[in-house]
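K.L.:
pasting a predicted model and its sequence here:
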Amino acid sequence: MKPKLLLRIAAVLMFLHTMGHTLGALTWKTAPNPAVGLVIKSMETNHFEFMGRSATLASFYDGYGFIMLLILLFIIILLWLLSADAGNSLSARLVPVLAVFLLSMGVIEYIYFFPFAAAISFIAGLCTLASLFTKGGSSRPVLNT
């Protein structure tokens, strides 16, 4: 496979990940059972002072979710832009970093969230990493000539 295709596959995978994350971020307050409902209610109603303002754990949770949406969108855009110039010197420097980031993200998602999200990030990371070692990739050694 060409590096461009591998990076675009990674971008599409991360787009799917973003859609799932968006759904989760917008619906996390919908309790699947009464016990979870109590936790959510507690997160929303217990205020505390934090750096000069009143906050709740729910507001932090919302904020982290929305920030993550921006990060995921940034990753998609970055993968797509790098795919257009696969093999240039900027791509050769950024793609390995992005691959390690995505693989690490997959591991963290597996530990703290759930396997499906982890698999998407991990496979996107593998595609990104593989783009370095395919014909037409970066200036790094080509494994399959």
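P.N.:
Great, that's in hand.

K.L.:
pretty sure residue 49 is in a strand, no?
P.N.:
Yes. Residue 49 forms part of a strand when assessed by DSSP: H, G, I helix; E, B strand; the rest coil.

K.L.:
isn't residue 75 up against residue 13?
P.N.:
No. Counting by C-beta atoms under 8 Å, residue 75 stays clear of residue 13, with 10.2 Å between them. Any C-beta I mention is one placed from the backbone N, CA and C, and that applies to glycine too.

K.L.:
remind me, longest helix of the protein?
P.N.:
helix 57-84 (DSSP state H).

K.L.:
residues of that one that come out buried?
P.N.:
57, 58, 61, 62, 72, 75, 76, 78, 79, 80, 82, 83 (16 or more other C-beta atoms under 10 Å).

K.L.:
ok, stretch 84-104 next?
P.N.:
86, 87, 91, 92, 94, 95, 96, 98, 99, 101, 102, 103.

K.L.:
farthest-apart pair in those residues, please.
P.N.:
87 and 103 (21.2 Å; C-beta to C-beta).

K.L.:
fine by me, we can end here.
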